[in-house]
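In: Need coordinates for the below:
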Amino acid sequence: MTITTLFPNTTYNYMYDEDTSPCNDFSRFKSLFLPIIYCLVFVFCLVGNALVICVLLTRKKITTTTDVCLLNLAISDLLFVFPLPFQAHYAIEQWIFGNAVCKIMAGIYYIGFYSSIFFITLMSIDRYIAIVHAVYAMRVRTATCGIIISLILWMMAGLASIPNMVFNQEVEIEQSLACVPKYPLGQETWRFFTQLEVNVLGLLIPLSILIYCYSHILKNLQSCKNRNKIKAIKMIFIIVVIFFLFWTPFNIVLFLDSLKSFHVIEDCETSRRLALALQVTESISFIHCCLNPVIYAFAGELFKAHLQRLFQTCIRCISCATSNNSTNHSHSLSTQVLGYSDSDRVL
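Out: Coordinates of the predicted model:
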C-alpha cells in the first residue's frame, strides 16, 4: 500500500478540501471487495512464506547468500501483509485502533514493502554473480556476506519508511475516524516526494537491475551447453515478467496521482478514476508477495525435496500421535469394561 492507498476510507483527501471526498467515493468497492482481497492475500502469503521459513530453519542449512535472501524475503513479505487484517476491518468501518497503531502499521507495511523489493533485487545480483562471475562468486556468496548485506538493506528499508510513519496519523473527517497521510498546509511537495520514492525505489531502480542482471545471465547461458539451460531461461523470463506486470501498473497510476500535488490533474472525474485505479492496481500488486515463495523457493528441485520431507515428517508425527491416542483410548476402555488396571494384573 502506498502513501495514497494504505488506508482506504479517505485515501486522497490530504488537505481535506471540501470537493475532494465526493470525487473519491467508491465505498461499495472498498467495503465489499477489499476485505476479501486483503484476507485472501494475507492467508496465502502467510502459509507460503511460513513454509519457506520453516524449511530454511529446520531442513536446509543456511550456507549461501541465496539462503539468506530467501529467509529475509519471506520475512519481508510477512511484514508486507501484516497490516492487511487491520485494513480489511478499516475498509468496512472507521479506523478504531488509535493513532499509535496507525503509525506503526504504516511503518511495518513500508518496511516490508521496501525490504521485499530490495531482497528480490539482491537475489538477482546474487544469481548474476554466481553465473557470470563464477570464480569471484566463491569468495563473496557466503552466509556471512549475505547477513551483512541484509542488515544494510533492512536499515535502508527502515530509513525509506520514516516519512510515511511521520505523516500517517489518525484524524477525524466528517464525524468519522480515519488513518491517512496528512501533510502540513502548503507542503504538498512531501506528498510528491513520498510517492516518487515508491516509484524510484520500488520499481525504476530494481527493474533496471533485474533487466541488467538477467540479460547478462541469458548471454552467459547461451554460450554454454547445459541440460538445464532452457529451464533456467524460462525461470528468468518468468521472474522479470511477473515483477513487471504486478508492479508497473500500480507505479504508473501512482505517478499520475502525484501530479495532483502540482495541480496538473484537478478535475473531479479524473481524480475519482485515479483513486479507483490505485485501489485496483495496488490490490493486484499484493499477489506478488504470494508468488514469491513459488518463484524463488518452491521452483527449486532441492527446496521441493526438503519441503516434501518436511511434509512426510509432519504426517508421520500426526499418524503416531493419532495411533497413540487410539491405543490409549482402547486401553482405557478395556480397563473400564473389565474392571482392572495394569497394577491389578501384576498382583
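In: Run through the residues that contact the residue most central in space within the chain.
Out: For the chain, Asp77 is the residue whose C-alpha lies nearest the centre (Cα atoms, centre = their mean; 3.0 Å). For Asp77, the contacting residues are 45, 49, 112, 116, 289, 292-293, by Cβ atoms under 8 Å, 6 or more residues apart in numbering. Using the backbone N, CA and C atoms, a C-beta is placed for each residue, glycine as well.
In: Which of these sits closest to Thr189?
Out: Gly112 (26.0 Å; Cβ to Cβ).
In: Could you list the buried residues of stretch 195-207?
Out: Across stretch 195-207, burial judged by 16 or more other Cβ atoms under 10 Å covers 195, 197-199, 201-203, 206-207.
In: Now tabulate those residues in TSV and tack on pLDDT.
Out: Conversion of these to TSV gives the following (pLDDT from 0 to 100):
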residue	pLDDT
Gln195	87
Glu197	91
Val198	92
Asn199	92
Leu201	93
Gly202	91
Leu203	91
Pro206	93
Leu207	91
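In: Any chance of TSV for the residues you listed, columns secondary structure and distance to Met155?
Out: TSV is the format used below for the buried residues of stretch 195-207 (DSSP: H, G, I helix; E, B strand; the rest coil; distance: Cβ to Cβ, whole Å):
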residue	secondary structure	distance to Met155
Gln195	helix	22
Glu197	helix	16
Val198	helix	18
Asn199	helix	21
Leu201	helix	14
Gly202	helix	17
Leu203	helix	21
Pro206	helix	17
Leu207	helix	23
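In: Which single one of those residues is nearest to Trp154?
Out: Taking those together and measuring to Trp154 by Cβ to Cβ, the closest member is Leu201, at 14.0 Å.
In: about what we covered before: can you point out the helix or strand that includes the residue nearest to the centre of the chain?
Out: Here Asp77 sits within helix 65-81, counting by DSSP states H and E.
In: so what's the nearest residue to Val52 once chain neighbours are set aside up against?
Out: Excluding its sequence neighbours, the residue lying closest to Val52 (Cβ to Cβ, 6 or more residues apart in numbering) is Ala74, at 4.3 Å. Ala74 makes contact with 49-50, 52-53, 56, 292-293, 297, according to Cβ under 8 Å, 6+ apart.
In: Could you measure from Ala74 over to Ser116?
Out: 9 Å (Cβ to Cβ, to the nearest Å).
In: which residues do those two both contact?
Out: Asn292.
In: tell me which residues in the next helix or strand along the chain from the helix holding Asp77 are buried?
Out: With elements assigned by DSSP H and E, the helix or strand that comes after helix 65-81 is helix 84-92. Neighbour counts using 16+ other Cβ under 10 Å place 84, 86-88, 90-91 of helix 84-92 among the buried residues.
In: which one of these sits closest to Val41?
Out: Leu84 (6.2 Å).
In: re earlier: looking at the contacts of Ala74, which two lie furthest apart in space?
Out: Leu56 and Asn292 (13.5 Å).
In: Can you pick out the residue with more neighbours from the two?
Out: Asn292 (26 against 19; other Cβ atoms under 10 Å).
In: returning to that earlier point: let's have the buried residues of stretch 195-207 in a markdown table, adding distance to Tyr183.
Out: Below are the buried residues of stretch 195-207 laid out as a markdown table (distance: Cβ to Cβ, whole Å):
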| residue | distance to Tyr183 |
| --- | --- |
| Gln195 | 12 |
| Glu197 | 14 |
| Val198 | 16 |
| Asn199 | 18 |
| Leu201 | 20 |
| Gly202 | 20 |
| Leu203 | 23 |
| Pro206 | 27 |
| Leu207 | 28 |
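In: Phe97 in helix, strand or coil?
Out: Assigned by DSSP: H, G, I helix; E, B strand; the rest coil, the conformation of Phe97 is coil.
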